[in-house]
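Colleague: return atomic coordinates for the entry below.
(one chain, ligands or ions: 1)
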Amino acid sequence: MSTTKPAQRVIRIATRKSDLAMWQAKYVQAELLKHHPDLSVELLPMSTQGDRILDTPLAKIGGKGLFIKELEIAMQNGEADIAVHSMKDIPVAFPDGFGLHAICERENPFDAFVSNSFESIEALPQGAVVGTSSLRRQCQLRAFRDDLVIKDLRGNVNTRLAKLDAGQYDAIILAAAGLIRLGMRDRIKQEVSADLSLPAVGQGAVGIECRNDDAELIELVAALNHTATATRVKAERAMNAKLEGGCQVPIGSYAVINGNLLLLRGLVGTPDGKTMLKSQVEGPLIDAEKIGQAVANELLTKGAREILDSLGND
Ligand SMILES: NCc1[nH]cc(CCC(=O)O)c1CC(=O)O
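Modeller: This is a model prediction of the structure:
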């Protein structure tokens, strides 16, 4: 047995600076240290173009990739080793040389109804103003309650809550996971069921990206992979990839596991909620990716392509 210890490796995590991104980076830092106590893990907080341009719809400025490009450049330059992302916010494909090397255990995957005056979506009065910038949430809310007025709501979680508290909305819809991670579970008045609002691809899960050429790092990071979450998210992302669901489209995709079976539900709709295509496929866990493609194919057969193309998702 060798008596010399390998040199202590330092892992630098590139992260966005929002409270949620910092929470997620610190979570991964703690998990890495739990699995590999000899590591040294540092944070490199960065601001990205996506964080700086807050007043333009994301689709117009280049979509989700904008939130991670700077982090990838830092990894390419050797200033950082890994990047931590909300799985919901990252595109299906990574740039050459980069990959997703772990998906951590999923937090609550559902949408949350938050209001200072009303207890639930059902309890909102006629014509109530609800804040969300997600076309997926807008579509499903309108399909459920076509009287509601949907008003744009951007910014990080705290900004959105501040706008609600300032009286600009009767209620807002956020991801439950973000609120829970930031210690604001008590702001959730209602967890919105998947029947009413099918979650976004990967919602509630955190992923770790790094370069594909660092085998030692990839092995260290793999210890944080949560198999069930990774399988669910793989199916959800395979559906999205097949639909070429770009940045801002009303797509929901949500997988659950029952024993050896995975059930994936998919949804494509129009922002006005007047058309909502739904499909679900169940199959063996090992077929997660095929199940995702099968749900996408069913949605395409029902007319998803026309909806997605009409939204400029080319
Ligand atoms: N689009 C922003 C975003 N990205 C990730 C989360 C938190 C939940 C998650 O990890 O999926 C949120 C907030 C929200 O949608 O309310």
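Colleague: care to break the protein down by domain?
Modeller: Per the record, the chain has its domains at 1-104+206-225, 111-192, 227-313, by the TED database.
Colleague: to residue 199, which of these lies closest?
Modeller: Minimum separation from residue 199 across the domains of the chain (CB to CB) falls at domain 227-313, 4.8 Å. All C-beta spots, glycine's among them, are computed from the backbone N, C-alpha and C.
Colleague: give the rounded mean pLDDT of that closest one.
Modeller: If you average the pLDDT over domain 227-313, you get 94.
Colleague: got the contact list for the nearest residue to residue 42 once chain neighbours are set aside?
Modeller: Spatial nearest neighbour of residue 42, excluding adjacent residues (CB to CB, 6 or more residues apart in numbering): residue 12 at 4.9 Å. Contacts for residue 12 (CB atoms under 8 Å, 6 or more residues apart in numbering) come out as 41, 42, 43, 44, 79, 80, 81, 82.
Colleague: wait, the third one sits on residue 28?
Modeller: Think residue 43. No. When contacts are counted by CB atoms under 8 Å, residue 43 is not listed as touching residue 28 (9.5 Å).
Colleague: so residue 138 is in contact with residue 274, correct?
Modeller: No. Applying CB under 8 Å, one finds residue 138 not in contact with residue 274, separated by 11.9 Å.
Colleague: these two - which one has more neighbours?
Modeller: Using other CB atoms under 10 Å, the more surrounded residue of residue 138 and residue 274 is residue 138, with 23 against 11.
Colleague: I'd like to know how far that one sits from residue 157.
Modeller: To residue 157, residue 138 is 18 Å away according to CB to CB, to the nearest Å.
Colleague: circling back to that earlier point, ok, and the most crowded of the contacts of residue 12?
Modeller: residue 82 (27 neighbours).
Colleague: show me what it is bridged to.
Modeller: Beta-bridge partners of residue 82, counted by DSSP bridges, are residue 13, residue 210.
Colleague: so who does it touch?
Modeller: By CB under 8 Å, 6+ apart, the residues touching residue 82 are 11, 12, 13, 14, 28, 75, 101, 208, 209, 210, 217, 221.
Colleague: try it again with 10 Å
Modeller: Contact partners of residue 82, counting by CB atoms under 10 Å, 6 or more residues apart in numbering, are 11-15, 25, 28, 32, 41, 44, 71, 75, 101-102, 208-211, 214, 217-218, 220-221.
Colleague: in PyMOL, select just the buried ones from those residues.
Modeller: Only the buried entries of the contacts of residue 82 go into this PyMOL selection, using 16 or more other CB atoms under 10 Å:
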select buried, resi 11+12+13+14+15+25+28+32+41+44+71+75+101+102+208+209+210+211+217+218+220+221
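Colleague: can you get me a residue count around residue 23?
Modeller: Summarising burial for residue 23: neighbours were counted as other CB under 10 Å, giving 18.
Colleague: got the residues of the chain near the ligand?
Modeller: For the chain, the contact set with the ligand under CB under 6 Å from any ligand atom comprises 20, 86, 88, 89, 157, 174, 175, 177, 178, 203, 204.
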